[in-house]
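Engineer: With the sequence up front, the predicted model follows.
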Amino acid sequence: MTVKPDRSAEPTAASQSAESVTDGTHGLRHPDPEAIATRRDFGRELTALRNHASLSVRELSKETGIPTSTLGGYFAGTHLPALVPKHQLRRILRATGVVGASEVHTWEQAYWRVKGGAGEQLSDEEAQFSESVPVRSTGHRAAPGVSTRPPVERLDHGPTVRGREELLDRLEATVTRPGPPHGAGHQVLHGLGGCGKSTVALALVRRAAARGVRTWWITADDATGTTAGMLALAVELGATADELRLGSPPDILARLLGELDTRWLLVLDNADDPPDSLALPGQHVTDGTGWLRPHRNGTIMVTTRDGTRASWGRRPAPWLHLHHLTGLDPGQGALVLRELTDLRAGDEQQAAALSACLGGLPLALSSAGRYLAGVLEIPAGLATGLPRDFAAYEQALTRGANEELLAVIPEDAPAARRRRLTVAHTWELSLDQLADRGLALARPLLRLLACLGPSPVPYALLLRSDLLDASPLFADIPTHGTWDALRGLDGLALITLTRDQEPPSLFLHPLVRHTARHHPAVKARLNDHLTLTTALLTEAMKSADPKSPDDWELWGLLADHCAAPLDLLLAERPPGAREPAPADCADALNLARDAASFLRAAGHPTRADAAYTKAIGAARGRLVEDDPVVLALRHDLARVRSDLGRLDDAEDMFRATLAERRRRLGDEHPDTLVSQHYLARTLRNRGRLSEAGDLSAATLRARTRLLGDLHPDTLTSRNGLADHLRATGHLREAWDAYAEVLDLRSRVLGPRHTATLVTRHHMAEVSHAMDQLPAAETALRELITISAEVRGGTHPRTLAARHSLIAVLHDSDALEEAERLARQLVIARTEHLGATHPATLLTRHRLALILLDRGSHDEARHELRDVLTVRRRVLGPDHPHTRLSQESVEVVRHRLPAAPTATDRSRAHGGTPHE
């Protein structure tokens, strides 16, 4: 092996600074382990130690038993003293006269400081991502998420926005005025469902965007949806999952919005329960601690049905202004009706009268107008008895065409509720029209759709005539006309079909969905609706794996709906009604569990936590506590708690679930062993290596005996045992164990399976840790190519492999390539994970060390300090990465004194600095 020259002897600023510490007897520089930050630093100081001891390389080789070629690599800085065989560093220190406990400790601290930055470990193969939960999906496939883009295109599919011009002018002036807003900063549009609150908000968004205002839109119909949207916005503005987990998300988002230097508008739509969706638990909406707070350069607009003092205060906050939206006046409503009917259904006076009858509610006007437009397309001789103009439509409403709705609303109901009745009455007239046209299927179909989630419904994937036929809900109605029924519902604006996207979907207005979902016909047959929705969803998802990225696009479309049967399960039954069958309960809970598992696997642990918690609550009182379905939910919730870093909770939950599974299922049931495996992993992550190792070994023995050597679960346990060997410092044994797992996984799962690729990455990391740099480099270059093909070039695991390669190149002294690749990876991780994501900071820290070795001292110093600042804020002062940053900054400060300031230079020359 050729020994590289010690470039640390070149007269750089760093070496000159370091060489100022010399031995007065021989003029040799005294070794300084506290000045070590990189592998090259270690080689330089080790060389100084050998020189100070007056030993040649050959003499030191004889004293330590380490080959001269190996020692040469240590002194050149291309290798660190190996861990196998053990105690090589201590043998070198003893041979050079370093025997004091304090001195040995200082050298070992420097060793592990460099070693700790050399090979950041990956998590278990079961973890979905490599170094932290991602902020957003980064794979090449479509992935789930929450959109914050305002849906302004909806305005193009409806009638002209009328009767709101004055309000919109005032709101536009508030939103677009530069500088701190005058008067009320945030706006609340409240009123009856269907009065056009969302339409006004969209119209304002369109106006504001045209004036250069930055705009976002979040559906805030419940706390979970609001939180998901606000977290997505925080991520868009630069927050990371770790930052949001460790800090207060409302505080973080408020700070990020406050830092924007341009005007912005954020709409929180359909916040119909403000204390639930906008405030912290137990707090008031306007106390400034939740999502709604005063801001200097931006406006938050809330649309809600709730305008009560209980929610907004007897006197609303000075930074909040409430606008009560009512129906349009008869003249404006008449314009809407006449526009929708192309002036064919009557004159202005008749249209105004119908508008007044409908309460001027825009949603009702739209439904009535589309109804009449549809009837006018039918030849008069075929439309006998159907209202064909405004006057006839008004008469039908007055007669009470559907007594069913009138019977469930008290005559003394408040006026607002009467208006809601009028809207529902209008929809029932529309359903009557469809029935008269031979589309009786439309009515039960609309109610079935209302039992799904609020997301768009991919009807082509979900609706199946054979399953509809088998349900008593459709016993007397032929279902072969399902498509005609959907088109009929779309034509009367009861649903909106979107045919220009794949897969085609339909959308229910929240008020339509709410009214249909709570119709007496649904309440009377909750169990039938539960059975059918569960059957449809189970069939649609029967081959979709919630943990497989290949299936995430489908899960993104249907996860919301898979959780919806829980609402039917939790709904209050009428007196005397039977409770749902245990089998239906189990089916609904299993669907909800799969939907939550998708959220966890796709990197949304907070939403998954809420989903699992709701499912466990739904199971309470319906299934026994030790039912396998309940135990599976509790196990999965423990996994989420582990993903969220709540290791205390995770350990307690895993122990409780493991005990229940052992009692109910037996010690060696596959589910019992799964909980045992994850308990071991949690203990290992908590540093309890002894107990973790015992559990891992016991799990492996049981799985080998029960499942066989080649079962994927057995291979998972073997990989976990290799992880344990690695965590305990047995690198050679770990590498051998990984090699065996890799061979088996390649044969059983395939060489390009994601689990196989994880094992390859682990092996390359261990090769690096054992200073087998050429082998590690080759393995990582191959892995990066395959991972990019299988997972995508920007998948977190692909980026992690690129990071590992950079570390190997750095330690191989290929500094130019290492710097180039590190700069590219910083850009990629910043773009896909965020600037303050822990993985991005890992690469920035590595880049700083590379720059230090390349002599770019000022840039390196700046990077290290900046990374330290961010890690303190995001990870906390006690996180290992933060401590490593702190040590690196101290070492650089020791080696490279800060450049003199202008004041220092001026004082040195007897003057004062320039102003």
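Structural biologist: Perfect, thanks for sending it.
Engineer: mind listing what the nearest residue to Pro316 once chain neighbours are set aside touches?
Structural biologist: Leaving aside its sequence neighbours, Pro316 sits nearest to Leu322 (C-beta to C-beta, 6 or more residues apart in numbering; 5.8 Å). Just so you know, the C-beta spots here come from the backbone N, C-alpha and C atoms, and that holds for glycine as well. Residues near Leu322 by C-beta atoms under 8 Å, 6 or more residues apart in numbering: Val188, His190, Gly307, Trp312, Pro316.
Engineer: farthest-separated two in those?
Structural biologist: Farthest apart among the contacts of Leu322 by C-beta to C-beta are His190 and Pro316. That separation is 11.1 Å.
Engineer: quick one: Arg854 and Glu819 touch, right?
Structural biologist: Yes - at 6.4 Å, Arg854 counts as touching Glu819 under the criterion of C-beta atoms under 8 Å.
Engineer: neighbour count winner among these two?
Structural biologist: Glu819 (20 against 14; other C-beta atoms under 10 Å).
Engineer: can I assume that one sits in a helix?
Structural biologist: Yes - under DSSP: H, G, I helix; E, B strand; the rest coil, Glu819 sits within a helix.
Engineer: which ones are touching the closest residue to it other than its chain neighbours?
Structural biologist: Excluding its sequence neighbours, the residue lying closest to Glu819 (C-beta to C-beta, 6+ apart) is Ile850, at 5.0 Å. Applying C-beta under 8 Å, 6+ apart to Ile850 gives the contacts Ile806, His810, Leu815, Ala818, Glu819, Ala822.
Engineer: and if you look at Gly290?
Structural biologist: Here Gly290 is in contact with Pro250, Leu278, Ala279, Leu280, Gln283 (criterion: C-beta under 8 Å, 6+ apart).
Engineer: quick revisit: now do the SS call for the residue nearest to Pro316.
Structural biologist: Relying on three-state DSSP, one would call Leu322 strand.
Engineer: hmm, back to that, what separation is there between the residue nearest to Glu819 and Ile806?
Structural biologist: 8 Å (C-beta to C-beta, to the nearest Å).
Engineer: so what sits against both of those two?
Structural biologist: Contacts common to Ile850 and Ile806, judged by C-beta under 8 Å, 6+ apart, are Ala818, Ala822.
Engineer: quick one: contacts for the nearest residue to Gly158 once chain neighbours are set aside?
Structural biologist: Spatial nearest neighbour of Gly158, chain neighbours left out: Ser366 (6.6 Å); criterion: C-beta to C-beta, 6+ apart. Under the criterion of C-beta under 8 Å, 6+ apart, the contact list for Ser366 reads Gly158, Pro159, Val336, Leu340, Ala493.
Engineer: Out of those, grab the one that's most surrounded.
Structural biologist: Busiest of the contacts of Ser366 [other C-beta under 10 Å] is Val336, holding 26 neighbours.
Engineer: I would like the residues contacting the strand or helix carrying that one, please.
Structural biologist: Taking DSSP states H and E as the definition, Val336 sits inside helix 330-340. Residues from elsewhere that reach helix 330-340, judged by C-beta under 8 Å, 6+ apart: 159-160, 162-163, 327-328, 345, 348, 351-356, 358, 360, 362, 365-366, 368-370, 372-373, 390.
Engineer: Mind checking which of those land in helices?
Structural biologist: Judged by DSSP state H, helices contain the following of the contacts of helix 330-340: 348, 351-356, 362, 365-366, 368-370, 372-373, 390.
Engineer: ok, so of those, who is nearest Arg487?
Structural biologist: Distances from Arg487 to the ones in helices among the contacts of helix 330-340, taken by C-beta to C-beta, are shortest for Arg370, at 12.6 Å.
Engineer: Determine the number of other residues adjacent to that closest one.
Structural biologist: Neighbours around Arg370, by other C-beta under 10 Å: 19.
Engineer: The one 5 residues further on too?
Structural biologist: As a burial measure, Val375 scores 22 neighbours (other C-beta under 10 Å).
Engineer: Quick check: it vs Thr384, distance?
Structural biologist: Counting by C-beta to C-beta, the gap from Val375 to Thr384 is 11 Å.
Engineer: Then Asp545?
Structural biologist: 55 Å.
Engineer: Comparing the two, which residue is more hemmed in?
Structural biologist: Asp545 (16 against 8).
Engineer: Would you agree that one is in contact with Asp551?
Structural biologist: Yes - between Asp545 and Asp551 there is a contact at 5.2 Å, judged by C-beta under 8 Å.
Engineer: on that earlier part again, any residues in contact with both of Val375 and Thr384?
Structural biologist: By C-beta under 8 Å, 6+ apart, no residue touches both Val375 and Thr384.
Engineer: Generate a ChimeraX selection restricted to the buried subset of the ones in helices among the contacts of helix 330-340.
Structural biologist: In ChimeraX, this line selects whichever of the ones in helices among the contacts of helix 330-340 come out buried by 16 or more other C-beta atoms under 10 Å:
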select :351,352,353,354,355,356,362,365,366,368,369,370,372,373,390
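Engineer: from the contacts of Gly290, which would you call buried?
Structural biologist: By 16+ other C-beta under 10 Å, the contacts of Gly290 give Pro250, Leu278, Ala279 as buried.
Engineer: Looking at those residues, which is nearest Arg760?
Structural biologist: Checking the buried ones among the contacts of Gly290 one by one against Arg760 (C-beta to C-beta), the nearest turns out to be Pro250, at 42.1 Å.
Engineer: For that closest one, list the residues it contacts.
Structural biologist: Contacts of Pro250 (C-beta under 8 Å, 6+ apart): Met230, Leu280, Thr289, Gly290, Trp291, Arg293.
Engineer: which secondary structure element contains the fifth one?
Structural biologist: Assigned by DSSP H and E, Trp291 belongs to no helix or strand.
Engineer: From Ala610, how far off is the closest residue to it other than its chain neighbours?
Structural biologist: Distances taken as C-beta to C-beta, 6+ apart put Leu278 closest to Trp291, at 5.1 Å, once the chain neighbours are dropped. Between Leu278 and Ala610 the computed distance is 17 Å (C-beta to C-beta).
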